[in-house]
Every structure is written in structure tokens, then in C-alpha cells.
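**Student:** next input, structure requested:
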Amino acid sequence: MKKIGLVVSEFNSGITLKMLSAAEARAKKLGLHAVRTIRVAGAFDMPLAIKSLLERSDVEGVATIGAIIKGDTLHDEVIAHALANSIHDLQLRFNKPVTLGVSGPGMTEKQAMDRAEEYGERSVEALAKLLEALEK
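**Tutor:** Modelled structure (predicted):
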């Protein structure tokens, strides 16, 4: 059984808790065991938590769960781009996969809620595929 970590944003928790539930259920079906789940305030806060999980010898990869909702400014785009770049850098630095299971930018709250389960499931599905590909 592959051991993974999860990082979950509590901002927009009505959405992210639904995403987390779907991710945990899919992980179990895929034979992934979440050895640690770290909850952070928002998506911008994820990189440090991801890093701490990647430093653990018992974590083979990390799935992220979050929802970045469109507001009146471009703040959602700034946060999403910063997060994607950080995740990219961390997975290359630690040579372990990290998936971007964060909806947005540009999504309304309704769109994010409608896709919550799908995004949660896809985050761990992508991680399972990456772990399998790297094993070969």
C-alpha cells in the first residue's frame, strides 16, 4: 500500500470538506493510505505543509485539496499561479509527486461545489498514476 500525505485548505470549507471526503474514499479504493493530513488556512498556505510531508520518509507523494473562488479582483489568479509554481518546484526538489487538486481560478462558488467530488477524486487518482509510473 502506497503511503501518501494530504494537504487541505480550510478556506471555502463547504467545498473542500466535500473534496476531502471524496479524495479519502478514492484513495482507499486505489490502495493509497494517507499517513498524515494537514489542514491549512488557505491555498496560499499549502506549500510549507506540502514540504513538511515531502520531507517524511514514510510519505511517497502528496495530494492537495482546495478551492480558489473568483472574486471581484484577480486575487484568485495570483494565488493559483503562486501555488502551482510552488507545487511544481517542490515535487522536483524532493523527487516525489504532488498533485494540484485545487479548483480555480476563475470558478464561481457554485461551479466549485458542483465539481468538488470530481476534483477530490482526481487529485488522488493523479497521484496514484504518478506513483505507479515512477515505480517502473
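**Student:** tell me which stretches of the protein form strands.
**Tutor:** Under the criterion DSSP state E, strands of the chain are mapped to 2-9, 32-40, 61-69, 98-99, 102-107.
**Student:** contact partners of the fourth one?
**Tutor:** Contacts of strand 98-99 from elsewhere in the structure, counted by C-beta atoms under 8 Å, 6 or more residues apart in numbering, are 50, 54, 61-64, 87, 90-91, 123-124, 126-127, 130. For glycine as for every other residue, the C-beta is placed from the backbone atoms N, C-alpha and C.
**Student:** how about low-confidence regions in the chain?
**Tutor:** Judged against pLDDT under 70, the chain has no low-scoring part.
**Student:** helices of that one, start to end?
**Tutor:** In the chain, the helices defined using DSSP state H lie at 13-29, 46-54, 75-94, 109-114, 116-135.
**Student:** tell me what the residue nearest the centre of the chain is bridged to.
**Tutor:** The chain has Thr64 as the residue nearest its centroid, 1.0 Å off, counting by C-alpha atoms, centre = their mean. Assessed by DSSP bridges, Thr64 has beta-bridge partners Val7.
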